[in-house]
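**Student:** missing the sequence, but the structure's below:
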């Protein structure tokens, strides 16, 4: 094949492919949204388009025969077949504009009516009527459903029985001359068209079923792969969570062991410190020297007492006895503030306090000491991360007839609204592992709820400040008033 012939062949191939694509997009491609409707519309469009082509060819053949035989032609008229062609074209247009279900109903009615008319006029044994009924049943089953196919078969069977009974008893005149006339070429062509349509519908149905099975198998295979991948991800995630949990528990264990050891160390330190204080006091009383020497001794005594108070506060922090009594809240707050005073001074924080003197709460004073330490330390942590602006912590303690309100505010920059609801979750922290485990606030909330029957809430202005408000009942007895409601009353 030379170059010119190859170029011509490529152009013809491109032209043919373009024509096929144009016909498919304009006459066959389904427009429905769901898969079942698209499948039914696609098969209907194939049937209608094929019917248009085949009936058009047969119509041209009838036109040729009518011209060839002239007045001697006794077959179906050209105009009659042309009207059938026009009807198929209208049905295809109706399907293409979105009314394919209506087009399906009209098509079934057309085949049923034509087959019934043929059976009535030329007898129920007319082969063309039988083939048409078979085609109608197949189309009904494929385009509508097998249930409707059974129903339509019943209608056709009753129709044939009724027509046959009427013809047997002579109620309906029958034209049987077709049995004795020589077979024309149009007869096998009509049978061939019907057989071709039956095969086309069956092939399209099987083709769509096979495609659905292929898609189902592919989906099943993809699901298996996805399931395996998901199981692997779950396993990896579980391992990571277990590792993180082990890491946290290991750290907690170290802190617990340190607490046990520190408690003993602080106890041992208290004895020599007490002895030091006693000796200094005795030395102070025996001095009769100058005022400056006595001033040095007073300073040493005060520092020793201060050290004793701090060690007592630390030992209280390490202690866990379940002691329930009515205790002065201010005393526990003062000890907690004293314990963290070095951090407050180092960070340059201005501490503002508004604490009523005579406020007592029933509960475990060690637990309240822990609450105060956790909340004040949390406020200091928030301010330590701040590089500029004012650094203030405000502590207030008030009461009414039933409840004590303890509030701590800081200017540490607030809490992001996206994590505000997570701050009381165990192990949730925005700090590094060195500075926090994410247990302080969750532990504080649990103590307030379990040991004091109280509540803790947080309010924040992102970028500016945060306030934690603790509401505790003065007595452990269940009150009719909710602690949260008491906040709003204030």
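**Tutor:** Structure received. None of these values were measured; they are calculated from a predicted model.

**Student:** separation between the residue nearest to residue 457 when sequence neighbours are not counted and residue 382?
**Tutor:** Using C-beta to C-beta, 6 or more residues apart in numbering and skipping residues adjacent in sequence, the residue nearest residue 457 is residue 469, 5.1 Å away. C-beta: built from backbone N, CA, C; applies to glycine. Look at residue 469 and residue 382: by C-beta to C-beta, to the nearest Å, they are 16 Å apart.

**Student:** which one of those two is surrounded by more residues?
**Tutor:** In this view residue 469 and residue 382 are compared by other C-beta atoms under 10 Å, and residue 382 has more residues nearby, 21 against 18.

**Student:** residues in contact with that one?
**Tutor:** 410, 412, 413, 466 (C-beta atoms under 8 Å, 6 or more residues apart in numbering).

**Student:** do residue 394 as well
**Tutor:** 352, 353, 354, 407, 408, 409, 410.

**Student:** helix, strand or coil: sort out it for me.
**Tutor:** On the three-state scheme (DSSP: H, G, I helix; E, B strand; the rest coil), residue 394 is labelled strand.

**Student:** for it, name its beta-bridge partners.
**Tutor:** residue 352, residue 409 (DSSP bridges).

**Student:** confidence score at it?
**Tutor:** Note on residue 394: pLDDT of 94.

**Student:** what's the distance between it and residue 413?
**Tutor:** Taking C-beta to C-beta, one finds residue 394 at 15 Å from residue 413.

**Student:** in the stretch 351-490 of the chain, which ranges drop under the pLDDT threshold?
**Tutor:** 387, 427-439, 476-490 (pLDDT under 70).

**Student:** where do the strands sit along it?
**Tutor:** 360-363, 392-399, 403-410, 455-461, 465-473 (DSSP state E, counting those that start in this stretch).

**Student:** picking that back up, can you name the residues that contact the residue nearest to residue 457?
**Tutor:** Per C-beta under 8 Å, 6+ apart, neighbours of residue 469: 405, 406, 407, 456, 457, 458, 459, 487.

**Student:** so the second one touches residue 329, yeah?
**Tutor:** Yes. The pair residue 406 and residue 329 passes the contact test of C-beta atoms under 8 Å, sitting 7.2 Å apart.

**Student:** so between those two, which is more surrounded?
**Tutor:** residue 406 (26 against 23).

**Student:** what's around the closest residue to the more buried one other than its chain neighbours, how many residues?
**Tutor:** Leaving out its chain neighbours, the residue that sits closest to residue 406 by C-beta to C-beta, 6+ apart is residue 470, at 4.3 Å. Residues within reach of residue 470, counting by other C-beta under 10 Å, total 23.

**Student:** got it, and residue 213?
**Tutor:** Neighbour tally, residue 213, other C-beta under 10 Å: 10.

**Student:** ok, back up a step: buried subset of the contacts of residue 469 as a PyMOL selection?
**Tutor:** To isolate the buried ones among the contacts of residue 469 in PyMOL, judged by 16 or more other C-beta atoms under 10 Å, type:
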select buried, resi 405+406+407+456
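
**Student:** in CSV: the contacts of residue 469, plus distance to residue 71.
**Tutor:** Formatted as CSV, the contacts of residue 469 follow (distance: C-beta to C-beta, whole Å):
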residue, distance to residue 71
405, 115
406, 117
407, 114
456, 108
457, 105
458, 104
459, 104
487, 108
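
**Student:** now do the helices in the stretch 351-490 of the chain.
**Tutor:** 365-384, 440-451, 483-489 (DSSP state H, counting those that start in this stretch).

**Student:** most tightly packed of those helices?
**Tutor:** helix 365-384 (a mean of 21; mean count of other C-beta atoms under 10 Å).

**Student:** compute the inter-axis angle for it and strand 465-473.
**Tutor:** 170 degrees (axes from the mean of the first three to the mean of the last three C-alpha atoms, to 10 degrees).

**Student:** so what's the gap between helix 365-384 and the chain middle?
**Tutor:** 39 Å (C-alpha atoms, centre = their mean, to the nearest Å).

**Student:** run the angle between it and strand 403-410 for me.
**Tutor:** For helix 365-384 against strand 403-410, the angle by the same axes, to 10 degrees is 30 degrees.

**Student:** taking strand 392-399 as reference, get the angle to helix 365-384.
**Tutor:** Note on geometry: by the same axes, to 10 degrees, helix 365-384 and strand 392-399 are set 150 degrees apart in direction.
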